[in-house]
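Student: Structure for the following, please:
(2 chains, ligands or ions: 2)
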Amino acid sequence: MKNTIISLRNAVVEYDGEKILKDINLDIIDKQFVTLLGPSGCGKTTTLRIIGGFAEMASGELFFNGVKINNLPPHKRQVNTVFQKYALFPHLNIFENIAFGLRIQKLPEKEIKARVEEMLKLVNMEGFEKRSINSLSGGQQQRIAIARALVNRPKVLLLDEPLGALDLKLRKEMQIELKRIQQELEITFIYVTHDQEEALTMSDTVVVMKDGTIQQIGTPQDIYNEPNNAFIADFIGESNIIDGIMRRDFLVEFAGKEFACVDKGFEKDELVDVVIRPEDIKVVPQYQGAIIGVVENVIFKGVHYEISVDALGYKWIIHSTQSEEVGSIIGMNVTPTDIHIMHKQEEE
Amino acid sequence: MKASKFLAVPYIAWVLIFTIIPLSLVVFFALTDSDGNFTLDNLFQMSDYMSVLFRSIVFAIIATVICLVIAFPAAYIISRVSSMNQSSLIILIMVPMWISFLLRTYAWMTLLEPNGLINKMFSLVGLGPFDLINNAGAVILGMVYNYLPFMILPLHSVMTKIEPHTVEAAQDLGCNKINLVRKVILPLSMPGISTGIVAVFVPSVSTFVISRMLGGGTNDLIGDFIESQFLGNSYNPHLGSAMALVLMVIVLFMMSLFNQFGSEEGAV
Ligand SMILES: Nc1ncnc2c1ncn2[C@@H]1O[C@H](COP(=O)(O)OP(=O)(O)O)[C@@H](O)[C@H]1O
Ligand SMILES: [Mg+2]
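Tutor: Ligands and ions are numbered 1, 2, ... in the order given. Got it, this is the predicted structure:
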């Protein structure tokens, strides 16, 4: 049985009369790694701040284990936060930074010491007790920020782009480490990022946001394989998004041709977005291809080649393990299951 | 290297002419008699002025504490508003400092007098007149009024450096309002507090204008006595220098004690 630990109901946030969050409904399942994913400015931080108690809703309700906590001040919530810029206390050393929450609770010195040591071990920072925070690198400061939040044994840990300031290699290491910590402690993580790869690799559940609304909630596989709309498809990894017309069930027209597909339930001749992943396009000899185009550009991306193709004015991106010669004419094929049809999004 | 050394010359000259030489003169005068012979008599004569010295220090401490109590919350609130409002508020606090110190203190005389503005207001509702001037309270009021900006400005300047995220982190980790001030705001404000205390205490302990204008002759401070040794009828620069020297040593001693205490606080 999956327990809902946090629920947002019809959450609306306004700044200066402008709606930042528009009627958000969100259930967070206990002990899951949940990621809020979306482009910068879509309201991820604001959502996190509501849960932490640092932002107020114009309307809506927040429940924690079924109890409404709209007006509970931050210091009384069983939630701790890892802030975007770490926000460590500059006047305290590492030990005292981590011990901060425990000292507020006035725990006995012996227990404080034991729990701080336990946390330092958890984040691989043993022996740093006496160091000042200024002597640490960004990655180390982030570990201390995580330890400082976790030492209070919160039910839920909120993390706002915690790896944003780190370089790629360190970020990958920390991703693995964060996932390990979450599984080891068996607590709920609500993680904010604009990095889709990070979201897909770490999460149990991904919440895709855009312009203060939730676009889709699902497992990383759901979100990647069955995006609800072209925005998500494009945001989650690269996609070819082409205008199409749904001729009838299982038949779509795009790039001047008709293709069999697996989607139905659209209106006859409805204008749709056709989404095709770059890795789902097969390069074939010209005479075998459903679509024919000219290779414009080839970039080596380490694992694959990224091939840009112009087909009668349509631009395609293909990921292929084989390179093609620039200027050559190639054929392209897509299997019906790799053609994703989506309703056009209404522009605001 | 050479250029940078050269740049220090004006500063060194300044310090030499306006600090080192006057200080040496004070020490010289304090330790000599009118014939220029070495003597400790001037310092021994100070014993007659111990009660005045004591009063000066007590008044200055009271004024400093009141300034701190007013300035701490004021500076914190200012540091948390939007940066545009912040500069307007800071300008408001500095505006009185653009008016002559004497004029400001005169203004208080006309307000506090037995038939001054404040007592007139009281008489309208059938109260008073109260003795608002020529007492210790009026002197301390004058000190607080004149030197309060010296406390607010350094406090504000350190408090603006406290990140909103740092405050939120403290609340997140369980701090209520009181704990927030005790565990985070206060320790992070320590440099501003010690600067502010020095900036208020030193002019308060050595003032002679405020005590003369608002104290009514019965609350004269060590500054009044020093001044009268140089400019008044009891002309005696040797005694005046001795007083100044003793005051200086006491102030330095208190400040070093305080700084020691302050830096220990900050390190915890
Ligand atoms: N305190 C605030 N005052 C005014 N506007 C704000 C405030 N905080 C956030 N916003 C606005 O709300 C929108 C969403 O911000 P945020 O939640 O930080 O987005 P994200 O974290 O997804 O990048 C942005 O357009 C931002 O400018
Ligand atoms: Mg953000």
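Student: Check the burial of residue A:290 by counting its neighbours.
Tutor: Residue A:290 has 14 neighbouring residues, counting by other Cβ atoms under 10 Å in any protein chain shown. All C-beta atoms are positioned from the backbone trio N, CA, C, and that covers glycine.
Student: nope, residue A:73 is what I meant
Tutor: 12.
Student: Could you do residue A:221 as well?
Tutor: Neighbours of residue A:221 (other Cβ under 10 Å): 10.
Student: got the CA coordinates for the helix or strand where it lies in CSV?
Tutor: Per DSSP states H and E, residue A:221 falls inside helix A:220-225. Taking Å, rounded to 0.1, in the frame of the first residue of the first chain, the C-alpha atoms of helix A:220-225 are listed here in CSV:
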residue,chain,number,x,y,z
PRO,A,220,10.7,8.1,-15.8
GLN,A,221,9.7,5.4,-18.3
ASP,A,222,6.2,6.8,-18.7
ILE,A,223,7.4,10.3,-19.2
TYR,A,224,10.0,9.3,-21.7
ASN,A,225,8.0,6.8,-23.7
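Student: Mind giving me the packing neighbours of it?
Tutor: Contact analysis of helix A:220-225 by 3 or more Cβ pairs under 8 Å, 6 or more residues apart in numbering or on different chains; DSSP states H and E lists helix A:196-202, strand A:205-210 as its packing neighbours.
Student: Quick check: buried residues in that helix?
Tutor: A:220, A:223-224 (16 or more other Cβ atoms under 10 Å in any protein chain shown).
Student: which residues touch that helix?
Tutor: Here helix A:220-225 makes contact (Cβ atoms under 8 Å, 6 or more residues apart in numbering or on different chains) with A:199-201, A:203, A:206, A:208, A:216, A:232, A:236-237.
Student: same thing but 7 Å
Tutor: Contacting residues not belonging to helix A:220-225 are listed as A:200, A:203, A:206, A:208, A:216, A:232, A:236-237 [Cβ atoms under 7 Å, 6 or more residues apart in numbering or on different chains].
Student: Mean neighbour count, the helices and strands packed on helix A:220-225: which tops it?
Tutor: strand A:205-210 (a mean of 24; mean count of other Cβ atoms under 10 Å in any protein chain shown).
Student: Among the contacts of helix A:220-225, which one lies nearest to residue A:102?
Tutor: residue A:203 (29.9 Å; Cβ to Cβ).
Student: Name the helix or strand for the nearest residue to that closest one once chain neighbours are set aside, please.
Tutor: Spatial nearest neighbour of residue A:203, chain neighbours left out: residue A:35 (4.1 Å); criterion: Cβ to Cβ, 6 or more residues apart in numbering or on different chains. Per DSSP H and E, residue A:35 falls inside strand A:33-37.
Student: buried sites along that strand?
Tutor: A:33-37.
Student: do stretch A:331-339 as well
Tutor: A:331-332, A:334, A:338-339.
Student: Check stretch A:9-22 too.
Tutor: Per 16+ other Cβ under 10 Å, stretch A:9-22 contains these buried residues: A:9, A:11, A:13, A:20-21.
Student: CSV please, covering these and showing pLDDT, secondary structure and distance to residue A:108.
Tutor: Converted to CSV, those look like this (pLDDT from 0 to 100; DSSP: H, G, I helix; E, B strand; the rest coil; distance: Cβ to Cβ, whole Å):
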residue, pLDDT, secondary structure, distance to residue A:108
A:9, 96, strand, 40
A:11, 96, strand, 40
A:13, 96, strand, 41
A:20, 95, strand, 44
A:21, 96, strand, 42
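Student: Can I get those in TSV including distance to ligand 1?
Tutor: Formatted as TSV, those follow (distance: Cβ to the nearest ligand atom, whole Å):
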residue	distance to ligand 1
A:9	19
A:11	12
A:13	8
A:20	4
A:21	8
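Student: residues touching residue B:31, list them.
Tutor: Per Cβ under 7 Å, 6+ apart, neighbours of residue B:31: B:38-39.
Student: wait, residue A:29 sits on residue A:156?
Tutor: No - taking contacts as Cβ atoms under 7 Å, residue A:29 lies outside contact range of residue A:156: 11.1 Å.
Student: More neighbours: which of these two?
Tutor: residue A:156 (22 against 15).
Student: one step back: closest to ligand 1 out of the buried residues of helix A:220-225?
Tutor: Proximity of the buried residues of helix A:220-225 to ligand 1 (Cβ to the nearest ligand atom) peaks at residue A:223, which lies at 17.2 Å.
Student: State the distance from the closest one to residue A:208.
Tutor: 6 Å (Cβ to Cβ, to the nearest Å).
Student: hey, what's in contact with both of those two?
Tutor: Joint contacts of residue A:223 and residue A:208 (Cβ under 7 Å, 6+ apart) are A:216, A:232.
Student: In which helix or strand does the closest residue to residue B:209 other than its chain neighbours reside?
Tutor: Leaving aside its sequence neighbours, residue B:209 sits nearest to residue B:105 (Cβ to Cβ, 6+ apart; 6.1 Å). Remark: residue B:105 resides in helix B:101-112, with elements defined by DSSP H and E.
Student: by contact count, what packs against that helix?
Tutor: helix B:117-124, helix B:136-159, helix B:209-215 (3 or more Cβ pairs under 7 Å, 6 or more residues apart in numbering or on different chains; DSSP states H and E).
Student: mind putting those in CSV, mean pLDDT included?
Tutor: Listed next are these as CSV, based on pLDDT from 0 to 100:
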stretch, mean pLDDT
helix B:117-124, 90
helix B:136-159, 96
helix B:209-215, 92
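Student: Quick check: residues of chain B near chain A?
Tutor: Proximity of chain B to chain A (Cβ under 7 Å from any Cβ of the partner chain) is limited to residues B:163, B:165-166, B:168-169, B:171-176, B:179, B:184, B:187-188, B:266.
Student: which of the residues you listed are buried?
Tutor: Buried among the residues of chain B next to chain A by 16+ other Cβ under 10 Å: B:165-166, B:168-169, B:171-175, B:179, B:184, B:187-188, B:266.
Student: Which ones among these lie within helices?
Tutor: If you go by DSSP state H, those have B:165-166, B:168-169, B:171-172, B:179, B:187-188, B:266 in helices.
Student: Flag whichever of those scores worst on pLDDT.
Tutor: Taken together, those show their lowest pLDDT at residue B:266, with 46.
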